[in-house]
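1. Structure, please.
(one chain, ligands or ions: 1)
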Amino acid sequence: MKVEGKSYRSIWYDDKTEAVKIIDQRWLPHEFRIAILDTLQDFAIAITEMWVRGAPLIGATAAFGVAMEMRRDASDAALDRCRETLIETRPTAINLRWALDRCLDTLRSQPMEERAARSLELALLISDEDVEINRRIGVNGLDIIKKIAATKKEGEPVNILTHCNAGWIATVDWGTATSPMYQAHDLGIPIHVWVDETRPRNQGALTSWELGSHGISHQYIVDNAGGYLMQKGHVDLVIVGTDRTSAGGDVCNKIGTYLKALAARDNSIPFYVALPSPTIDWTITDGLAEIPIEERNENEVTHIMGKDSAGDLTQVLVSPVGTNGGNPAFDVTPRHLVTGLITEQGICEASPSGLAELFPEKARENSK
Ligand code: MRU
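-> Numbers count the residues shown, from 1 in each chain. Predicted structure coming up:
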């Protein structure tokens, strides 16, 4: 996507300087900064401290981390070190494990002298695949928006609510939940997006930054406003992303997603999840029981960061001094609350058979 007229991905390999570069999301939406990641430790810090974030981008970042480490040391011990250093950086997003397994399994069977080149090819391939998967999610999700526009809106904007940031900077490009929005807007279908603030990390501000840069009408709302807007008929459709979806169709996404799904169900509003296939955890069926939920630092809740009137980024305390915060970062929306899963292969119901029909080989492999 474009930032001030220039096309970017959220992570890329700069051939000239032979370095991995990222958009450093700690500073957004206030400042656009690029950072270089070099050592394995750099990659681990960037993931843990959310310089990069969003399940698909976390996976791609891990793949580049392996590639940079292979340049220094391509031994089996280094492969083990990559896994140990990166696997625990974010526990919920399954793309991390998916990317590490894919890279490390492939590299182990390669001669040591070829591992540096092969690992970089793999990281680039994972990035390119992510872009194509998300583009296709957009094409499939576009049909839902088109149908609502044609049957309900008579030229008025289709109102879409989204939670967290499942946009292009949470992936390598396009985003998952935002890809149908970008494609609808580019085709001239009027849309308006309600962007949940998404406390405590306020990823909604990132979504607003993205949509604003692309000229898409949107409003940034507090997390508690969605139910009211749905009751008043101001939401036609909810689309969110996911950090891990069970083979049974239960969806784990940013904390608060479940409440939006409940409100959508109560108001008969379609609730869709944009799901790239690497985000499916084929090893589990019961999302609620089996997906580990990341607990983050309580300071993210008790403090908030923003720009002060002098234009400086400042962190302030919002709770009484000494109050303990609680910070579960994700929740699970059970499949019965999900209208459909928008994947690169098409849209299916959130159920074991729905996913198995779209991805028969994967489902077969894991049923053994
Ligand atoms: O904690 P974050 O910011 O990494 O969480 C991101 C989300 O929950 C996204 O909605 C999810 O990863 C889907 S991204 C395409």
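
2. Which phi and psi values does the closest residue to the ligand within the stretch 201-350 of the chain adopt?
-> Distances between the stretch 201-350 of the chain and the ligand by C-beta to the nearest ligand atom are smallest at residue 241, namely 2.7 Å. The way it works is simple: take the backbone N, C-alpha and C, and place the C-beta from them, glycine included. Per-residue torsions, residue 241: phi -100, psi -170 (degrees, to the nearest 10).

3. Let me know the secondary structure of the residue nearest to it when sequence neighbours are not counted.
-> Residue nearest to residue 241 in three dimensions, not counting chain neighbours: residue 166, with 2.6 Å by C-beta to C-beta, 6 or more residues apart in numbering. With DSSP: H, G, I helix; E, B strand; the rest coil as the basis, residue 166 sits in coil.

4. wait, isn't residue 166 in contact with residue 56?
-> No: between residue 166 and residue 56 there is no contact, the gap being 9.1 Å when judged by C-beta atoms under 8 Å.

5. which neighbours do those two share?
-> residue 176 (C-beta atoms under 8 Å, 6 or more residues apart in numbering).

6. Quick one: residues contacting the residue of the stretch 201-350 of the chain closest to the ligand.
-> 54-55, 164, 166, 170, 175-177, 253-254, 273-274.

7. List only those of these flagged as buried.
-> Among the contacts of residue 241, those buried by neighbour count (16 or more other C-beta atoms under 10 Å) are 54-55, 164, 166, 170, 175-177, 253-254, 273-274.

8. Out of those residues, which sit inside helices?
-> If you go by DSSP state H, the buried ones among the contacts of residue 241 have residue 55 in helices.

9. filter the buried ones among the contacts of residue 241 down to the ones close to the ligand.
-> 54-55, 164, 166, 170, 175-176, 253-254 (C-beta under 6 Å from any ligand atom).

10. what residues are up against residue 43?
-> Applying C-beta under 8 Å, 6+ apart, the residues contacting residue 43 are 37, 61-62, 64-65, 68, 85-86.

11. CA atoms only: put stretch 76-95 into PDB for me.
-> The C-alpha trace of stretch 76-95 is given here as PDB (Å, rounded to 0.1, in the frame of the first residue of the first chain):
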ATOM      1  CA  ASP A  76      22.000 -27.300  13.200                       C
ATOM      2  CA  ALA A  77      22.600 -25.600  16.500                       C
ATOM      3  CA  ALA A  78      21.700 -22.300  15.000                       C
ATOM      4  CA  LEU A  79      18.500 -23.700  13.600                       C
ATOM      5  CA  ASP A  80      17.600 -24.900  17.200                       C
ATOM      6  CA  ARG A  81      18.600 -21.400  18.500                       C
ATOM      7  CA  CYS A  82      16.200 -19.700  16.000                       C
ATOM      8  CA  ARG A  83      13.300 -21.800  17.300                       C
ATOM      9  CA  GLU A  84      14.100 -21.300  21.000                       C
ATOM     10  CA  THR A  85      14.600 -17.600  20.600                       C
ATOM     11  CA  LEU A  86      11.500 -16.900  18.500                       C
ATOM     12  CA  ILE A  87       8.800 -19.400  19.300                       C
ATOM     13  CA  GLU A  88       7.800 -17.900  22.600                       C
ATOM     14  CA  THR A  89       7.900 -14.200  21.500                       C
ATOM     15  CA  ARG A  90       4.100 -14.100  20.900                       C
ATOM     16  CA  PRO A  91       2.100 -17.200  22.100                       C
ATOM     17  CA  THR A  92      -1.300 -16.800  20.400                       C
ATOM     18  CA  ALA A  93      -0.600 -16.000  16.700                       C
ATOM     19  CA  ILE A  94      -0.200 -19.400  15.100                       C
ATOM     20  CA  ASN A  95       1.600 -18.000  12.100                       C
END
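
12. so how far is it from its chain's centroid?
-> With C-alpha atoms, centre = their mean, to the nearest Å as the basis, stretch 76-95 stands 19 Å off its chain's centre.

13. Report the buried residues of it.
-> For stretch 76-95, by 16+ other C-beta under 10 Å, it's 78-79, 82-83, 85-87, 89-95.

14. Give me the contacts around the strand or helix carrying residue 84.
-> Residue 84 belongs to helix 76-86 when elements are defined using DSSP states H and E. The contact list for helix 76-86 (C-beta under 8 Å, 6+ apart) reads 40-41, 43-44, 47, 62, 65-66, 69-70, 72, 96, 100, 103-104, 107-108.
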